[in-house]
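**Q** Pasting the sequence and the predicted model now:
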Amino acid sequence: MALTEKMTINMGPQHPSTHGVLQLILELDGEVVQKATPHIGFLHRGTEKLSEHRTYNQVIPLTDRLDYLAPMSNNLGYCLAVEKLLGITDEIPERANVIRVMMAELTRLKSHLVWLATHALDIGAMTVFLYAFREREAITDIYEKVSGARMTSNYIRIGGVTADLPAGLEQEIREYAESMPAHIDEYEGLLTGNKIWQKRTMGVGVISKEDAIDIGLSGPSLRASGVDWDLRRDAPYCGYESYDFDIPVRTECDTFARYKARLDEMRQSSRIIIQALDRLQPGPVVADCPKVTLPAKEDVVNTIEGLIHHFKIITEGFKVEEGEVYVGIEAPKGELGYYLVSDGSPMPYRMKIRPPSFVNLQALPQMVEGRLLADVIAIIGTLDIVLGEIDR
Amino acid sequence: MIDGLIMIVLILIKLGVIFAVIMTMAAYLVLAERKILARMQLRHGPNRVGPFGMMQPLADVIKLLTKEDFLPDRADKWLFLLAPGMAAVTAILTFAVVPFGPPLQVFGHELPLVVIDLNVGVLYFLGLSSLAVYGVALGGWASNSKYSLLGGIRGLAQLISYELSMGLALVPVVMLARSFSLTDIVLAQQAAPFILVNPLAFLIFLVSVVAESKRTPFDMPEAENELVGGFHTEYSGMRFGLFFVGEYINLVILSSMVTVFFLGGWLGPLLPGVIWFGVKVLALCFFFIWVRGSLPRLRYDQLMHFGWKILLPLALLNVLLTGAVLLWSRT
């Protein structure tokens, strides 16, 4: 009998394809994975604890750094939770809601583009990486124009958004959204029909519908396992119910299905962006709730009342009645939830974040068991995890 | 006596020229690959060193030579130091049998444009290409690193899956040319290059050659996304450089082999033979770069399936068919 020995291999936290500082302890028999144990926490920054010592507005920049590939979705989820706690959800002006939807969908595109780029690169198709980053670059430009920052946007605020869109940006976004389907065709041309791509993704990382629900998968990973569940339709926010879009659901449960589901989702996102642009009417972008939102800049500069108002909100924040609230949104990677508890002070008593990547990562050991090392890379890619969000 | 001396001097000159040309070509092939890939990928590629980045290879060599030559803890010292050399030397040696032009007349002597026209040239090429994998396997094993080891194992697994079909794809060529000598094989293609006579053998050989060159879509031994750097993870400085250069020399050699076996070598109308040879080799190199720019990577078990279950039976069938046709045409 041949003497065989299991090899334990440390994959990460410094590895080119673990998408950040994920560490996997792999037990290998040859190249076949017997057992995978994910170790997380290398990027822990204590976001939840930090937010207990900041006013509600001061927490927003912290959320940028959770899923740093989709900052505006994080802003949005948090702001929706605070608004619900304050009971001002219905007072958000129409224009702010439309801009929020538009930005959330641009963010979805941005996040999915990075996913596609890195996923393809991991499987060896490096040209797709640069094509996808070309389109992502345009979105970071849009981010910069609306918020001044390319990644940590901090744009969506409690009660609305920071500022109105700069002049001419609507046209730019429209051109971008209209060109997107052609770009997606381009990626598909390089990958979808490619026999090698199909061999590397079809039947790899299968997770059944039942397991997906048990583990708590969400987002495209769940929908590729045949579960028709999307919070934009099933628990709408920001007026998503009034937009016309499809939710791509696939039943193959494998990496290829997740790939197709995300690409189809990108097409739907550009549809939503165009619809949002069509209904964009001039109007205020911040709710008229003086206790919560900042006064107009002219008032701050010209009137003492405005100055005091501004000063109070900046230095003290605003008090929120006692209570607790959970809001989940459909972030690019799945259900992003914020659970907030208020004790009546201007700071959250407790903030618990439900990051989609963290929950989705749970499926990894099951998906890679019995697969080859090369598949582990493909499966990490297909789960679309971001360690900033997992470790918080 | 004088004749013998002239012969030796001529061979030495040929060796020197070929060595210089191959090293330069390998260095500039790296640059060309970076430039061409960059163009395909909406980038600029190296353009800082010299005009259009033309001095980049020089800068790279200086960088590699001045880097620390690192020996990992508890590595197998001699094998570790030897492996990069094996990779580079076997690649260079192969070029000895490649005829790159028609014989020249110098000082009343006929000077064949090949270092040595072995009568078993095909076997020499196959033998060296099998030896080349020792560089990969030993380098991976001696590094005392698990990622390197996996890369080395992949290299070996890959070798045994394509080597057979590569050899078998050449059998019809030898049958058609009735010789193992590369010069004779080129001369046998005067009527039509073997790519037209036997396209199946060409395809099998081309696929095997991509696998032999360890390039996308068969770059599993060094898949940087999976194995960090594969067999050369632990190498630094010029030892890494030798692996790297060996790979590009190998690319030139393999392109030359495809040219010799299937594209009619130096044969071609109007232009001198050497230029035809160069054009064909460069076109093949471009093809390899293009493939790298467009395809993802296979898994190594998939390559083995492909090698054993598709390429090998096809190659065997092709040998049989070619034999049958040759017999039939003779009677």
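**A** Yes, it's here.
**Q** low-confidence ranges in the chain?
**A** All of this refers to chain A. Counting by pLDDT under 70, chain A shows low-confidence ranges at A:1-3.
**Q** wrong one, chain B
**A** B:106-109, B:223-225, B:229.
**Q** Could you list the residues of it in contact with chain A?
**A** B:40-43, B:146-147, B:150, B:153-154, B:216-217, B:219-220, B:223-228, B:293-302 (Cβ under 8 Å from any Cβ of the partner chain). Using the backbone N, CA and C atoms, a C-beta is placed for each residue, glycine as well.
**Q** ok, now with 6 Å
**A** B:40-42, B:146, B:216-217, B:224-226, B:293, B:295-299, B:302 (Cβ under 6 Å from any Cβ of the partner chain).
**Q** List only those of the residues you listed flagged as buried.
**A** The neighbour-count test (16 or more other Cβ atoms under 10 Å in any protein chain shown) marks B:40-41, B:146, B:216-217, B:224-226, B:293, B:295-299, B:302 as buried among the residues of chain B next to chain A.
**Q** next structured bit after the longest helix out of those in chain B?
**A** Longest helix in chain B by number of residues (criterion: DSSP state H): helix B:2-40. Sequence order places helix B:56-66 as the next helix or strand after helix B:2-40, per DSSP states H and E.
**Q** Could you measure from A:Asn194 over to B:Gly268?
**A** 34 Å (Cβ to Cβ, to the nearest Å).
**Q** count of neighbours near B:Ala27?
**A** Each residue near B:Ala27 was counted by other Cβ atoms under 10 Å in any protein chain shown, and the total is 18.
**Q** for A:Gly388, what are its contacts?
**A** Contact analysis of A:Gly388 by Cβ atoms under 6 Å, 6 or more residues apart in numbering or on different chains lists A:Leu43, A:Arg65, A:Leu66, A:Tyr68.
**Q** Spell out the secondary structure type for the last one.
**A** By that I understand A:Tyr68. What DSSP: H, G, I helix; E, B strand; the rest coil gives for A:Tyr68 is coil.
**Q** Just name the closest of the buried ones among the residues of chain B next to chain A to A:Thr140, please.
**A** B:Gln41 (18.6 Å; Cβ to Cβ).
**Q** Count the residues that sit near the residue nearest to A:Glu172 when sequence neighbours are not counted.
**A** In space, and not counting its chain neighbours, A:Glu172 is closest to A:Ile142: 6.8 Å by Cβ to Cβ, 6 or more residues apart in numbering or on different chains. By other Cβ under 10 Å, the residues close to A:Ile142 number 19.
**Q** And whichever strand or helix holds A:Ile142, what does it pack against?
**A** Assigned by DSSP H and E, A:Ile142 falls within helix A:126-147. Judged by 3 or more Cβ pairs under 6 Å, 6 or more residues apart in numbering or on different chains; DSSP states H and E, helix A:126-147 is in contact with helix A:94-122, helix A:169-191.
**Q** That one vs helix B:2-40, what angle?
**A** Angle of helix A:126-147 versus helix B:2-40, following axes from the mean of the first three to the mean of the last three Cα atoms, to 10 degrees, is 40 degrees.
**Q** May I have helix A:126-147 as PDB, with CA atoms only?
**A** This file holds the C-alpha atoms of helix A:126-147, laid out as PDB (Å, rounded to 0.1, in the frame of the first residue of the first chain):
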ATOM      1  CA  MET A 126      -6.700  38.500 -17.700                       C
ATOM      2  CA  THR A 127      -7.900  40.700 -20.500                       C
ATOM      3  CA  VAL A 128     -11.400  40.800 -19.000                       C
ATOM      4  CA  PHE A 129      -9.900  42.300 -15.900                       C
ATOM      5  CA  LEU A 130      -8.800  45.400 -17.700                       C
ATOM      6  CA  TYR A 131     -12.000  45.700 -19.800                       C
ATOM      7  CA  ALA A 132     -14.100  45.600 -16.700                       C
ATOM      8  CA  PHE A 133     -11.900  48.100 -14.900                       C
ATOM      9  CA  ARG A 134     -12.300  50.500 -17.800                       C
ATOM     10  CA  GLU A 135     -16.000  50.600 -17.100                       C
ATOM     11  CA  ARG A 136     -15.500  50.700 -13.300                       C
ATOM     12  CA  GLU A 137     -13.200  53.700 -13.800                       C
ATOM     13  CA  ALA A 138     -16.100  55.600 -15.400                       C
ATOM     14  CA  ILE A 139     -18.300  54.900 -12.300                       C
ATOM     15  CA  THR A 140     -15.600  56.100  -9.900                       C
ATOM     16  CA  ASP A 141     -15.500  59.300 -12.000                       C
ATOM     17  CA  ILE A 142     -19.200  59.700 -11.500                       C
ATOM     18  CA  TYR A 143     -18.700  59.000  -7.800                       C
ATOM     19  CA  GLU A 144     -16.100  61.700  -7.700                       C
ATOM     20  CA  LYS A 145     -18.400  64.200  -9.400                       C
ATOM     21  CA  VAL A 146     -21.200  63.700  -7.000                       C
ATOM     22  CA  SER A 147     -19.300  63.200  -3.700                       C
END
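**Q** any residues touching the next helix or strand after it, and which ones?
**A** Moving toward the C-terminus from helix A:126-147, the next helix or strand (DSSP H and E) is strand A:156-157. The contact list for strand A:156-157 (Cβ under 6 Å, 6+ apart) reads A:Asn75, A:Leu76, A:Cys79.
**Q** For strand A:156-157, what is the distance to the chain centroid?
**A** 15 Å (Cα atoms, centre = their mean, to the nearest Å).
**Q** partner strands of that strand, parallel or antiparallel?
**A** The pairing partners recorded for strand A:156-157 under DSSP bridges are strand A:160-161 (antiparallel).
**Q** three-state assignment of A:Gly344?
**A** Under three-state DSSP, A:Gly344 comes out as coil.
**Q** what's the burial count for it?
**A** 10.
**Q** what does B:Trp290 give?
**A** Using other Cβ under 10 Å: B:Trp290 sits among 13 other residues.
**Q** which element is it on?
**A** Going by DSSP H and E, B:Trp290 is part of helix B:273-294.
**Q** is it true that A:Phe129 touches A:Ala117?
**A** Yes: taking Cβ atoms under 6 Å as the definition, A:Phe129 is a contact partner of A:Ala117 at 4.4 Å.
**Q** Look at these two and report which has more neighbours.
**A** Neighbour count, other Cβ under 10 Å: between A:Phe129 and A:Ala117, A:Ala117 has more, with 22 against 18.
**Q** Tell me which residues touch the more buried one, please.
**A** With contact taken as Cβ under 6 Å, 6+ apart, A:Ala117 is in contact with A:Phe129, A:Ala132, A:Phe133.
**Q** Which single one of these is nearest to chain B?
**A** Nearest to chain B, judged by Cβ to the nearest Cβ, of these is A:Phe129 at 7.8 Å.
**Q** Can you report phi and psi for A:Tyr326?
**A** phi -130, psi 130 (degrees, to the nearest 10).
**Q** From the contact counts, what lies against the longest helix of chain B?
**A** helix B:56-66, helix B:237-262, helix B:273-294.
**Q** In JSON lines, list the ones you listed along with distance to B:Met1.
**A** Formatted as JSON lines, the helices and strands packed on helix B:2-40 follow (distance: least, Cβ to Cβ, whole Å):
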{"stretch": "helix B:56-66", "distance to B:Met1": "41"}
{"stretch": "helix B:237-262", "distance to B:Met1": "34"}
{"stretch": "helix B:273-294", "distance to B:Met1": "31"}
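**Q** among those, which is the most enclosed?
**A** Mean neighbours per residue, mean count of other Cβ atoms under 10 Å in any protein chain shown, is largest over those for helix B:237-262, with a mean of 24.
**Q** which one of the contacts of A:Gly388 has the most neighbours?
**A** That'd be A:Leu66 among the contacts of A:Gly388, by other Cβ under 10 Å, with 26 neighbours.
**Q** which residues sit in contact with it?
**A** So A:Leu66 contacts A:Asn74, A:Gly388, A:Glu389 (Cβ under 6 Å, 6+ apart).
**Q** If we only consider those, which is nearest to A:Ser225?
**A** Distances from A:Ser225 to those, taken by Cβ to Cβ, are shortest for A:Glu389, at 20.9 Å.
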